[in-house]
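S.K.: sequence? don't have it. structure:
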């Protein structure tokens, strides 16, 4: 007779798990290191960032991407067509949750002004989530 309440409790816990995971979106800690270079006529933006927590697994990690643009807003809906970008990769040689990726851009660019101030954020699906950080773009070393 106690099996039914246990099954109900497990079902309710499983239903709440995605909501709990969404509430714990990783947050960028400090100022990300962002650099740029032009590759085959297109602007490529690399970002190294520290998060307040590591992703729970590879599936969770691949749900997120780094977005860079002159202006971003928390909750902003992203366009269907984005440019550039790679999956987040964990930097194991640093303590804490450090990740690196090529940032997704909202529009295709071929250049950027030296010392330009842009914003960087994490995106999940097609929305900006978490904190938006302002950074100064640095030219990447060759």
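M.R.: Done, it's in. Predicted, not measured: the structure shown is a model, and the values here were computed from it.

S.K.: so what's the residue nearest the centre of the chain scoring on pLDDT?
M.R.: Relative to the mean C-alpha position of the chain, the nearest C-alpha, by C-alpha atoms, centre = their mean, is the one of residue 122, at 2.8 Å. Residue 122 is assigned a pLDDT of 97 by the prediction.

S.K.: Quickly list what it is bridged to.
M.R.: Counting by DSSP bridges, residue 122 is bridged to residue 66, residue 129.

S.K.: Equivalent analysis for residue 34, please.
M.R.: Residues in beta-bridge contact with residue 34 (DSSP bridges): residue 47.

S.K.: number of nearby residues for it?
M.R.: One way to gauge burial is a neighbour count; for residue 34, by other C-beta atoms under 10 Å, it gives 22. Placement of C-beta: from N, CA and C, glycine included.

S.K.: Tell me the spacing between it and residue 130.
M.R.: Using C-beta to C-beta, to the nearest Å, we find residue 34 at a distance of 16 Å from residue 130.

S.K.: just so I have it, where are all the helices in the chain?
M.R.: Shown for the chain, the helices assigned by DSSP state H span residues 3-23, 58-61.

S.K.: mean pLDDT lowest for which of those helices?
M.R.: Taking the mean pLDDT of each of those, the lowest value is held by helix 3-23, a mean of 45.

S.K.: Could you give the number of residues near residue 129?
M.R.: Number of residues near residue 129 (other C-beta under 10 Å) recorded here: 20.

S.K.: wait, doesn't it sit right on residue 25?
M.R.: Yes - judged on C-beta atoms under 8 Å, residue 129 makes contact with residue 25 at a distance of 4.8 Å.

S.K.: between these two, what contacts are shared?
M.R.: Residues touching both residue 129 and residue 25 (C-beta atoms under 8 Å, 6 or more residues apart in numbering): residue 122.

S.K.: For residue 32, which residues are in contact?
M.R.: 47-50, 120, 133, 135.

S.K.: now the strands for the chain?
M.R.: Across the chain, reading from the start of the chain, the strands by DSSP state E fall at 28-39, 42-51, 64-69, 89-90, 97-102, 104-105, 117-124, 127-136, 138-139.
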